[in-house]
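Novice: have a look at this prediction, sequence included:
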Amino acid sequence: MSIATEEIQQSSDLSVADKLDNEIINLRAQVESLKRELKIQTATLITADSTRQILQNESTKRPKIGLPDNSPRSDELLARIDEQDAHKQQCLYRACASITTFKVHDPDPNAVDSGNVLGLRFEVMSKSRFLRPYYVLLNRPYPDGRHLRIHRHTVPQCIPLAGLAARHLPPPASRDDEDMPKKQDLSNFARALRRELVRYHNRTAVIGDLRSSAGLENKKGKAKEMEDPIVDISAADAQAKQIRVEWSDGKSGRLVMGDDGDILKMVVQGENGQDREAVRQLLGGSARIEEVAKRLEGT
C-alpha cells in the first residue's frame, strides 16, 4: 500500500470517528434535555390542585378500603408536593426580593460600633438558575455614628464597588472641608450594585452563547462548516466587556460591547493588517451581541 493510500485511509477513518463522536454528543444532549423536561413535567403535574385533591382523598379512604403493598403511598407524594411548594415559594421570594437586608454581630471585641453590622444580600439569576448570593457588610466606624462604610463583601473584583461606594456612600466631611457634607443613599447604592452584578453575568452568559453558536462547546454549532471557522471565543478582560475572537487561518479580533450587550466596536487583524471583510461577515448589521450569536447559529 502506498503512502498516499494510507493517508486517504487515515483521513476517512478520522472522519468516521468524528461522526461517531458527534452522534454520541448529540445523543447525550438529547438525554439531558429529556431528563430536564421530565423533571419539569413531574413538578408541574405534582403541584397541580387536582393532583393534590386526588391524593388527599386517597389518603383519607386508604384506612377504610386498604391499598395493595406495591401501590405508591399518597402520603409520600403529598410530602413531595409540600417540598415542591416550599421550593416554589422560595424561588418566588428570591425573584421578587432580589435585595434584602439583615443584621449580624461582629464577634471581635475591638470591632467598631460595638460589633453592629448591616448586611445586604443580592440575588442574581443567570440562564434560568439562581446563582450564589452576593453579600456586602456595612458598619459605622465614623464618630458621628450615622455614615456607613463597606466592611466586607463577596462581590467580584471586576465590579466597580469602590466607585459605587464613593458615589452613593461618601464619608462624612472633615472639619477643614467647607463644602456641605454629602448625604449617603443606601437604596441607590444597592440598586446600582445589583445592576452591575446583573450586567456582568449577562455579559458572561452571552459569551457562552457565542461559544455554543460557534460550535466551541459541544461541536454542534454550524459555524464549524464555515470556510474559515472560528476556533476560540473568550473574554479578553475581567469585566467581560471585550471579547477575543480567533479564526483558524490566524486572524484575531477584538469586540468591545457596552454594559448592556450593545456592540461598540470590533477590529480584526490578519496577515495584511485590518480585515474589515471578516468584521462584516461576523457582524453583518448586528447591533447587539445576541444578534451575532443568532448569525453564528444560522451560518
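Specialist: Alright, I've got the coordinates.
Novice: dump stretch 40-47 to CSV, restricted to CA.
Specialist: The C-alpha coordinates for stretch 40-47 follow below in CSV (Å, rounded to 0.1, in the frame of the first residue of the first chain):
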residue,chain,number,x,y,z
ILE,A,40,-40.3,20.0,34.7
GLN,A,41,-43.4,18.0,33.8
THR,A,42,-43.2,16.0,37.0
ALA,A,43,-43.0,19.2,39.1
THR,A,44,-45.9,20.7,37.1
LEU,A,45,-48.1,17.7,37.5
ILE,A,46,-47.4,17.0,41.1
THR,A,47,-48.1,20.6,42.2
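Novice: which residues sit against that stretch?
Specialist: Taking contacts as Cβ atoms under 8 Å, 6 or more residues apart in numbering, the residues outside stretch 40-47 that touch it are 51, 77, 80-81, 84-85, 88. Quick note: C-beta positions are derived from backbone N, CA and C, even for glycine.
Novice: again, only using 7 Å
Specialist: Contact with stretch 40-47 is made by 51, 77, 80-81, 84-85, as judged by Cβ atoms under 7 Å, 6 or more residues apart in numbering.
Novice: gap between the closest residue to residue 192 other than its chain neighbours and residue 246?
Specialist: Leaving out its chain neighbours, the residue that sits closest to residue 192 by Cβ to Cβ, 6 or more residues apart in numbering is residue 164, at 5.3 Å. Noted for residue 164: a distance of 34 Å to residue 246, by Cβ to Cβ, to the nearest Å.
Novice: what's the helix or strand for residue 266?
Specialist: Using DSSP states H and E, the element containing residue 266 is strand 263-270.
Novice: on contacts alone, who are the packing partners of that strand?
Specialist: Other elements packing on strand 263-270 under the criterion 3 or more Cβ pairs under 7 Å, 6 or more residues apart in numbering; DSSP states H and E are strand 252-257, helix 276-283.
Novice: now do it, average pLDDT.
Specialist: Mean pLDDT, computed over strand 263-270, is 91.
Novice: one more: stretch 280-294?
Specialist: Averaged across stretch 280-294, pLDDT comes to 88.
Novice: check what pLDDT residue 96 gets.
Specialist: In this model, residue 96 is scored at 84, pLDDT.
Novice: just to revisit the earlier point, of residue 164 and residue 246, give the one with the bigger neighbour count.
Specialist: Counting neighbours by other Cβ atoms under 10 Å for residue 164 and for residue 246 shows that residue 164 has the greater number, 20 against 15.
Novice: helix, strand or coil for that one?
Specialist: The three-state label for residue 164, taken from DSSP: H, G, I helix; E, B strand; the rest coil, comes out as helix.
Novice: now do the contacts for it.
Specialist: If a contact means Cβ under 7 Å, 6+ apart, then residue 164 has 189, 192-193 as its contacts.
Novice: for residue 127, state which of those residues is nearest.
Specialist: Using Cβ to Cβ, the shortest approach to residue 127 within the contacts of residue 164 belongs to residue 193, at 21.2 Å.
Novice: SS state for that closest one?
Specialist: Reducing the assignment to helix, strand or coil with three-state DSSP, the entry for residue 193 is helix.
Novice: buried residues, the strand holding residue 266. List them.
Specialist: By neighbour count with 16 or more other Cβ atoms under 10 Å, strand 263-270 contains the buried residues 263, 266, 268, 270.
Novice: center of this protein, which residue is that?
Specialist: Residue closest to the mean C-alpha point of the chain, counted by Cα atoms, centre = their mean, is residue 126 at 3.2 Å.
Novice: I'd like the next helix or strand past the helix-or-strand element of the chain with minimal mean pLDDT.
Specialist: Each helix and strand of the chain was given a mean pLDDT (mean pLDDT, DSSP states H and E); the minimum falls on helix 49-65 at a mean of 66. Past helix 49-65, further along toward the C-terminus, the next helix or strand under DSSP H and E is helix 74-96.
Novice: ok, then the element right after that following helix?
Specialist: Using DSSP H and E, the next helix or strand after helix 74-96 towards the C-terminus is strand 99-105.
Novice: compute the inter-axis angle for that following strand and helix 74-96.
Specialist: Strand 99-105 runs at 100 degrees relative to helix 74-96, counting by axes from the mean of the first three to the mean of the last three Cα atoms, to 10 degrees.
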